[in-house]
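Enquirer: Just need the structure, nothing else, for what follows:
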Amino acid sequence: MVAPHQQNSLAISFAVAAIVVVAICPVLLVALPAMVDYPNHVARMYVLAAAGTPDANPFYEVSKTLSSNLAMDLLVLPLARILGVEAACKVFLIACQLLIVSGPIALELAVKRRHEISGLAAVMLLYSFPFAWGFLNFQFGLGVALWGLAVWEFMRGRTVAVRLIAHSLFVMVLYVAHLFTLGLYAATLGFLELSRFNWRRSGIAQLAMLGAPMLVVFAALLASPAPVGNGPTEWKIASKFMSIFGSLNGYSTELAIVETTALIVLCYVLFRSGRLSLCRSGLWLTGGFALIFLAMPFRLLGIAYIDIRVPIAALLILPAYTRVSMTGRAATLAIAVPIGIALVNVAVTSAVWLSYQDDYAKLKASFTLLDRPSRVLVGRSTDGPIGLPLWPMDHAPTLAVSAKAMVTTLFALPGMQQINVVKEQRSQAITDVIHFEPVPLPILAALAAGTDDPRVPRFLRHWTSEFDYLYLVGPRIANPLPGRIEELTGGTLFTMYRISPIQKP
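Expert: Residues are numbered from 1 along each chain as shown. Model (predicted):
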C-alpha cells in the first residue's frame with residue numbers, strides 16, 4: 001500500500017474517487033453481474049418479492065423468524081417494488097461497494113484526521129475474492145462495521161451514554177445484517193480497547209460499554225427458535241494458503257498470487273525502511289487478526305470461505321492505524337502498486353462479466369419454455385475441478401424461480417436464508433449445504449441407469465421421475481442421456497433439457 005504525505009491527501013482522494021467510478025462501471029454495463037452467489041441472491045429476491053401475491057412461487061415459503069444475514073432482504077425488497085428486482089439488486093451491490101470504500105476512509109479520518117492510504121487499500125479490494133464472488137450481505141455488513149469503528153473513534157472523549165447509544169445501534173444493525181461482521185466489529189473494538197486499557201474506572205467502563213450490547217445479542221441468539229447456520233464446521237489447511245495468496249482477485253488464482261506477492265514485497269520494503277509503521281493499536285490489531293485468522297475454519301456452521309474474510313477485513317482496518325512517512329518518487333512508486341492492482345482487477349472482472357452476458361440472456365430466455373409450476377434439477381456437464389471463471393454459471397439457473405419453478409441449487413435452508421422449501425416438496429430439496437453445487441454428470445448417469453447408492457442424498461435418487469427439467473451447466477456437450485432427457489435449448493456454458501415423461505411413474 002502507499003505512503004503519501006499529508007499535503008497529497010487531496011490528490012489521493014481524487015484518485016480514489018476516479019477508481020471507484022471506474023470500478024462501478026462493470027455493474028452498470030451488464031444486465032447481470034457474473035458473480036458466483038449473485039444469481040442466487042437475485043433469485044431469493046424474486047421469491048420474497050412475489051410472496052403473498054397471486055404470482056407467489058408455490059414451492060417456497062417465507063420464514064417469519066427474525067435472524068441474521070438479512071441486509072439484502074430488508075433493503076432490496078422496498079426498492080424492488082419501485083425499480084424491479086434485478087435493478088434493485090444492482091443498486092444494493094453499488095451501495096456495498098461504496099460502503100467498502102467510504103468506511104475505511106471514515107475510520108482513517110477519525111483516527112488521524114486526514115486521509116492517507118485507506119482509500120487505496122479499499123479500491124484495491126473491491127473485486128477481491130469475497131466481493132467478486134457476491135458475498136453481498138458480508139460486504140454490506142463489513143462496510144457498516146467500518147463506519148461503526150469510525151464513529152467509535154470519532155466519539156472518543158464523549159460521554160459514556162452517547163457512545164453506548166451509538167455502539168448499541170451499530171451492534172443491532174450488524175446483528176441483522178451479517179453475524180460474522182458483528183463478530184469482526186466486536187473483536188476489533190476489543191483489541192483496540194485492550195491496547196489502550198488502564199485499570200482506572202474509565203478503562204473498566206469502556207470494556208463494560210463494549211460488552212453490554214453484545215450480551216444482549218448473545219441472549220437473543222440463545223432465545224431465538226431459528227438455528228444459527230445449517231451445516232458442518234470444517235478446517236482446511238489449503239484454505240489458509242489461498243486466504244493469503246489467492247484472495248486479491250476473484251477470477252484468477254495465478255493473478256491473485258502475483259498481486260499478493262507484489263503487495264507483500266512493497267509492504268516489507270516500506271516497513272523495513274521505516275516509511276510505514278504500526279502504532280500501538282495497530283500492533284494489537286495485527287496480532288488479534290492473526291489469531292482470529294488461524295482459529296477460523298474454512299466452513300463455519302455450513303457457511304464457506306470464512307477464514308478468507310479475515311485478511312480482507314484486516315487490510316481495510318489496519319491503514320487507519322499505520323503511520324506514514326514518505327514523499328516524492330518513493331511515494332509515487334508505492335502508490336502505483338494498489339492502483340495497478342485495482343485497475344487490473346476491474347479489467348479482469350469486466351472481461352469475465354461481459355463474456356457471460358450472451359449465456360445469461362439465453363438462459364433467461366429459456367425460462368419461457370418451462371411449464372408453470374415445474375421442478376428443476378441442476379447438474380454439471382463435466383466432472384472434476386473447474387477454473388474460477390466457470391463458477392459464475394453454477395447458480396444462474398436459480399433465476400428460474402421467477403417462472404414459478406423450484407430449483408435445487410437455490411439456498412433455502414432454515415438458519416441460512418429467509419425462505420424454505422414447502423413441506424410437500426422437501427423430499428426433492430437439498431437438506432445439506434455441502435450439496436448445493438451442481439450434480440456431476442457421472443452421478444446423474446449412474447442413477448438414471450438404476451444404480452442404488454444409499455450415500456446419494458434423497459433429492460437425487462429418483463431424479464428422472466421427480467424432476468421436470470435438467471440444466472447442465474459447464475461447456476455444452478452432446479445429449480449424454482438420449483431417451484432420458486430431451487434437449488430444448490442452450491448456450492456456450494449451459495444446456496436445458498426436458499426430462500422424458502415416459503420415465504415417470
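Enquirer: Dump stretch 168-175 to PDB, restricted to CA.
Expert: Taking Å, rounded to 0.1, in the frame of the first residue of the first chain, the C-alpha atoms of stretch 168-175 are listed here in PDB:
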ATOM      1  CA  SER A 168     -25.600  -0.300  20.500                       C
ATOM      2  CA  LEU A 169     -27.200   0.900  17.300                       C
ATOM      3  CA  PHE A 170     -24.300  -0.500  15.200                       C
ATOM      4  CA  VAL A 171     -24.500  -3.800  17.100                       C
ATOM      5  CA  MET A 172     -28.200  -4.100  16.300                       C
ATOM      6  CA  VAL A 173     -27.700  -3.300  12.600                       C
ATOM      7  CA  LEU A 174     -24.800  -5.700  12.300                       C
ATOM      8  CA  TYR A 175     -26.700  -8.500  14.100                       C
END
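Enquirer: Give the buried residues for that stretch.
Expert: By 16 or more other C-beta atoms under 10 Å, the buried positions in stretch 168-175 come out as 168, 170-171, 173-175. Where C-beta positions appear, they are placed from N, C-alpha and C, glycine not excepted.
Enquirer: tell me the domain ranges of the protein?
Expert: 6-30+63-350, 370-503 (automatic domain parsing).
Enquirer: now for these, which one comes closest to Y360?
Expert: When those are ranked by proximity to Y360, the top entry is domain 370-503, at 6.4 Å, counting by C-beta to C-beta.
Enquirer: Quick one: distance of that closest one to the chain centre.
Expert: Averaging C-alpha positions (C-alpha atoms, centre = their mean, to the nearest Å) puts domain 370-503 23 Å from its chain's average.
Enquirer: so which of the domains of the chain gets nearest A56?
Expert: Nearest to A56 among the domains of the chain is domain 370-503 (8.4 Å), distances taken as C-beta to C-beta.
Enquirer: Rounded mean pLDDT for the closest one, please.
Expert: Domain 370-503 shows a mean pLDDT of 92.
Enquirer: ok, how many other residues are close to L390?
Expert: Close neighbours of L390, defined as other C-beta atoms under 10 Å, add up to 17.
Enquirer: List the residues that contact the closest residue in space to it that isn't next to it in sequence.
Expert: Nearest-residue entry for L390: G474, 6.6 Å, with adjacent residues in sequence omitted and distances by C-beta to C-beta, 6 or more residues apart in numbering. Each residue near G474 by C-beta atoms under 8 Å, 6 or more residues apart in numbering is listed here: 380-382, 386, 390, 393, 438, 493-494.
Enquirer: Skipping its backbone neighbours, what lies nearest the residue most central in space within the chain in space?
Expert: Against the mean C-alpha coordinate of the chain, by C-alpha atoms, centre = their mean, the closest residue is F135 at 1.0 Å. Nearest residue to F135, sequence neighbours excluded (C-beta to C-beta, 6+ apart): D37, at 6.2 Å.
Enquirer: wait, the one you found sits on A132?
Expert: No - between D37 and A132 there is no contact under C-beta atoms under 8 Å: 10.2 Å.
Enquirer: Which one of those two is surrounded by more residues?
Expert: Between D37 and A132, A132 has the larger neighbour count (other C-beta under 10 Å), namely 27 against 19.
Enquirer: Quick check: that one touching V346?
Expert: No - under the criterion of C-beta under 8 Å, A132 lies out of contact with V346, with a separation of 10.5 Å.
Enquirer: Residues in contact with stretch 191-208: which ones?
Expert: For stretch 191-208, the surrounding residues in contact (C-beta under 8 Å, 6+ apart) are 149, 152, 160, 210, 280-281, 283-285, 287-288.
Enquirer: switch to 6 Å and redo it
Expert: Residues external to stretch 191-208 that are found in contact with it (C-beta atoms under 6 Å, 6 or more residues apart in numbering): 160, 280-281, 284-285, 288.
Enquirer: How far does that stretch sit from its chain's centre?
Expert: The mean C-alpha position of stretch 191-208 is separated from the chain mean by 33 Å, C-alpha atoms, centre = their mean.
Enquirer: Need the three-state assignment for V346.
Expert: Recorded secondary structure, V346: helix (DSSP: H, G, I helix; E, B strand; the rest coil).
Enquirer: could you pull out the helices for the stretch 301-450 of the chain?
Expert: Per DSSP state H, counting those that start in this stretch, the stretch 301-450 of the chain has helices spanning 309-317, 328-366, 441-448. These are given in chain order.
Enquirer: List the buried residues in the last one.
Expert: In this case it means helix 441-448. Using 16+ other C-beta under 10 Å as the burial criterion, the residues of helix 441-448 that qualify are 441, 443-444, 447-448.
Enquirer: Figure out how far stretch 181-189 is from the centre of its chain.
Expert: 17 Å.
Enquirer: rewinding a little: make JSON lines out of the buried residues of helix 441-448 and add distance to R156.
Expert: As requested, those are exported to JSON lines (distance: C-beta to C-beta, whole Å):
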{"residue": "L441", "distance to R156": "59"}
{"residue": "I443", "distance to R156": "57"}
{"residue": "L444", "distance to R156": "59"}
{"residue": "L447", "distance to R156": "62"}
{"residue": "A448", "distance to R156": "65"}
